[in-house]
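Colleague: Below are the sequence and a predicted model; questions follow.
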Amino acid sequence: MQEEKSYSFQVNLKGMIALLSEHLYSDPNTFVRELLQNGVDAITALKHLDEQHQGKITIELPSAEQSKFIFKDNGIGLKEADIHQFLSVIGESSKSKDIEDAKDFIGKFGIGLLSCFVVSDEIIVETKSALEQLPLRWTARAEGDYKIERMNEDTPVGTRVILTPKKQYNYIFEADYFEKKIKFYGDALRESIAIVVGDTEKIVHKEEPKWLSSSVSKTDLLAIGKELFHVSFLDAIPFETTAGKAKGVLYILPFRTQFSNKQRHRIYLKRMFLAEEDQSILPNWAFFVRMLVNTEELSATASRESLMRNDVLRLARKEIAAVLKTYLQQVKKIDFDIYLRIIQTHYLHLKAFALEDPDFLDIFLADIPFETNRGQRSFQNIIDHQQQLYYCADFEDFKQIDRMADTQGMLLINASYTFDTELLRKIKQRYSEYNIAEMSPNQLLGTFQPVHEDEHDQFVSFKKDVQHILDDYNCQLEIRRFKPVDTPAIFTKMDQNNVEHTISQLKENANPFAQVLKTARPNKIQNTLCLNADNALIITLIDIKDTYMLRSVVEVLYVQALILGKYPIQEREMKVMNDALKNLIVMGLDNFVNL
């Protein structure tokens, strides 16, 4: 067998830079964050040797006098061996090499400096290590080569990164624009940051943010939230977690949000801004919350644009969920006005939570709103009004019977909205004291009072004649008593869901009639026209013996009932209505002439 050989991977630096700029670093401004991270890490490393060290970052922007961009920190600096190992080997990290505990450092992956190649074809690093006291210059070009040289002039301990901006990115290095980016990424850092343009130096960051203080007031938190997110939030909830050492504020939005919408947050890692669109540290159901948070012990992904999803993050998310749930449990007692505004604004989300979590159901059950045939009511108001609670799962059914249900003294819930039907079924299952039942047009018909037994004889002939007319419309006749008495007839459509359920049950039991029903149901399923035995028109109609007039009146009642029930009126029904009215008018004129 021929001896096997080992080969090393060859890295095309140009291709790597293209990959970084087009995929890993989605924003050309990312180099600002990377330089800040490296500078802060270098200062942190020196503080391990000298606790009294005051860190400072100075940024010199291009001007008429000089065309270079210079980023300087007074951190620990790099030794020559460090330069070879960490600046020139892609993927290597200097973090924790000299310091045992790496938890104080922001960076991890050791490729952040390459992001500078997105805005400059050359990177120069001038550095002097606190441990070696030897000034060195590292020069790298995008073509893939680099060199190291000793500097003749002495420099203070620390590091300078020098870039020559590409023309298309000159706008990034303008003073106003760059200052906004520095504040955007570094507004929570402990280190002082100064921007120099020509002979003018401006301190752009020197104070720690108020929201990380343990003594900050709720008024201040709300003001900070408004400044950062441009939203006047309903409330601000400070929190801390043990997992990941996250500290921050949860803000309750004052407007409704869609479940598909992603909120914009402010997430910091070791006080360096990390991401706006990362949702991973919040519970999935917290669509109505925006978050301002700094974490000291969670990790970032390779692009440093989101948090790494691991066990520590999951524990932190669980702690944040507990904080938010506790707040929702207590806010009703602490500030009832805010509680009501949360209910009114975010009831859809609260219904979703209540379906998944019994604790939420217990918290909000009394105040969860539902739409009814008498306007929006809270659940408590509904059960206070009637012991038996009825709901329609289908909006068309609700539209057809809401008025009729009201005249029967029935408060009816429109449960066709997202989560409502499932939630009512959950309530019925969890709370046995509540009588909850689904209502449909046919079920409402069953609540109407039938005619007395001693009245049956007087309706026999009438029912036979009217049913003969209704057969043409695949409709069966019912005669009952119901309110209001000024309504002569109501139309109900066969509940197709009940039919399908019946067939399904038969099939499950291997009943041979299931197939027969399935085949026959298009012709056998009939709708119902219910006449009101207490209505004056119907009472008069019973005595009409003229079959021609009876048909015309019944057809008018049929179409009128369709309209009353908010069913769609087709061309056939309009023609029936017009012909019937015409017939009645003609018959009326004939009677007038005969007089």
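Modeller: Thanks, I have it.

Colleague: Can you tell me the closest non-neighbouring residue to the spatially most central residue of the chain?
Modeller: Centroid check for the chain by Cα atoms, centre = their mean gives Phe259 as the closest residue, at 2.9 Å. Leaving aside its sequence neighbours, Phe259 sits nearest to Phe287 (Cβ to Cβ, 6 or more residues apart in numbering; 5.8 Å). For the C-beta atoms, the positions are set from N, CA and C on the backbone; glycine is no exception.

Colleague: didn't that neighbour look like it was pressed against Leu348?
Modeller: No - using Cβ atoms under 8 Å, Phe287 makes no contact with Leu348, being 9.2 Å away.

Colleague: Neighbour count for these two, which is higher?
Modeller: Neighbours were counted for Phe287 and for Leu348 using other Cβ atoms under 10 Å; Phe287 has more, 22 against 18.

Colleague: How about the contacts made by that one?
Modeller: Neighbouring residues of Phe287 by Cβ atoms under 8 Å, 6 or more residues apart in numbering: Thr257, Gln258, Phe259, Asn261, Gln263, His349.

Colleague: Please apply the same query to Tyr347.
Modeller: Tyr347 sits next to Ile368, Pro369 when contact means Cβ under 8 Å, 6+ apart.

Colleague: now swap in Arg341 and tell me
Modeller: Leu234, Pro254.

Colleague: just to revisit the earlier point, format the contacts of Phe287 as TSV; extra columns: pLDDT, distance to Asp486 and secondary structure.
Modeller: What follows is the contacts of Phe287, written out as TSV (pLDDT from 0 to 100; distance: Cβ to Cβ, whole Å; DSSP: H, G, I helix; E, B strand; the rest coil):
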residue	pLDDT	distance to Asp486	secondary structure
Thr257	85	46	coil
Gln258	79	44	coil
Phe259	71	45	coil
Asn261	73	48	coil
Gln263	83	53	coil
His349	85	43	helix
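
Colleague: For ChimeraX, write the selection for the buried entries among these.
Modeller: Of the contacts of Phe287, the buried ones go into a single ChimeraX selection, burial set by 16 or more other Cβ atoms under 10 Å:
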select :257,263,349
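
Colleague: Going by distance to Asp41, which of the contacts of Phe287 wins?
Modeller: Gln263 (29.9 Å; Cβ to Cβ).

Colleague: and the closest one, what does it touch?
Modeller: Applying Cβ under 8 Å, 6+ apart to Gln263 gives the contacts Leu253, Thr257, Gln279, Phe287, Val289, Arg290, Met291.

Colleague: List buried residues within those.
Modeller: Buried residues within the contacts of Gln263, counting neighbours by 16+ other Cβ under 10 Å: Leu253, Thr257, Gln279, Phe287, Val289, Arg290, Met291.

Colleague: ok, Thr547 - how many residues close by?
Modeller: 11.

Colleague: With adjacent residues omitted, what lies nearest to it?
Modeller: Excluding the flanking residues, the one nearest Thr547 by Cβ to Cβ, 6+ apart is Asp465, at 6.8 Å.

Colleague: now Ile237
Modeller: Leu250 (4.2 Å).

Colleague: Looks to me like the one you found is in a helix.
Modeller: No - looking at Leu250 with DSSP: H, G, I helix; E, B strand; the rest coil, it is strand, so not inside a helix.

Colleague: Next, the contact list for it, please.
Modeller: Shown in contact with Leu250 (Cβ under 8 Å, 6+ apart): Ala236, Ile237, Phe239, Ala286, Val289, Arg290, Met291, Ile320, Val323, Leu324, Tyr327.

Colleague: Strands - which of the residues you listed land there?
Modeller: Among the contacts of Leu250, the residues falling in strands (DSSP state E) are Ala236, Ile237, Phe239, Val289, Arg290, Met291.

Colleague: For the second one, report the pLDDT, please.
Modeller: Just to be clear, that refers to Ile237. Here, the pLDDT recorded for Ile237 equals 96.

Colleague: For burial, what's the neighbour tally of it?
Modeller: Neighbour count for Ile237, taken as other Cβ under 10 Å: 21.

Colleague: And the residue nearest to the centre of the chain, how close does it get to Leu348?
Modeller: The gap separating Phe259 from Leu348 is 8 Å, by Cβ to Cβ, to the nearest Å.

Colleague: Give me the below-cutoff pLDDT ranges for the protein.
Modeller: Applying pLDDT under 70 to the chain flags the ranges 1-26, 87-112, 495-525, 588-595.

Colleague: Would you enumerate the residues in contact with the closest residue to Ala352 other than its chain neighbours?
Modeller: Using Cβ to Cβ, 6+ apart and skipping the chain neighbours, the partner closest in space to Ala352 is Phe419 (5.7 Å). For Phe419, the contacting residues are Leu348, Lys351, Ala352, Leu355, by Cβ under 8 Å, 6+ apart.

Colleague: Could you pull up phi and psi at Phe419?
Modeller: Phe419 adopts backbone torsions of phi 80, psi -20, taken as degrees, to the nearest 10.

Colleague: quick one: the residue nearest to Thr547 and Leu550 touch, right?
Modeller: Yes - using Cβ under 8 Å as the test, Asp465 is close enough to Leu550 to be in contact (6.1 Å).

Colleague: still on that earlier bit, just to be sure, the residue nearest to Thr547 is in a strand?
Modeller: No - per three-state DSSP, Asp465 lies outside any strand segment and is helix.

Colleague: Can you tell me how far it is from Ile237?
Modeller: Asp465 sits at a distance of 71 Å from Ile237 (criterion: Cβ to Cβ).

Colleague: buried ones in stretch 459-468?
Modeller: Result for stretch 459-468 [16+ other Cβ under 10 Å]: buried residues Phe459, Phe462, Lys463, Asp465, Val466.

Colleague: wait, what's in contact with the residue nearest to the third one when sequence neighbours are not counted?
Modeller: By that I understand Lys463. If you skip the residues right next to it in sequence, Lys463 has Leu477 as its closest partner in space, 5.9 Å away by Cβ to Cβ, 6+ apart. Neighbour list for Leu477: Lys463, Val466, Gln467, Leu470, Thr528, Leu529, Cys530, Leu531 [criterion: Cβ under 8 Å, 6+ apart].

Colleague: And the residue nearest to Thr547, how far from Glu277?
Modeller: Counting by Cβ to Cβ, the gap from Asp465 to Glu277 is 71 Å.

Colleague: following the helix or strand hosting Gln429, which helix or strand shows up next?
Modeller: Assigned by DSSP states H and E, Gln429 belongs to helix 420-430. Later in the chain than helix 420-430, the nearest helix or strand by DSSP H and E is strand 435-438.
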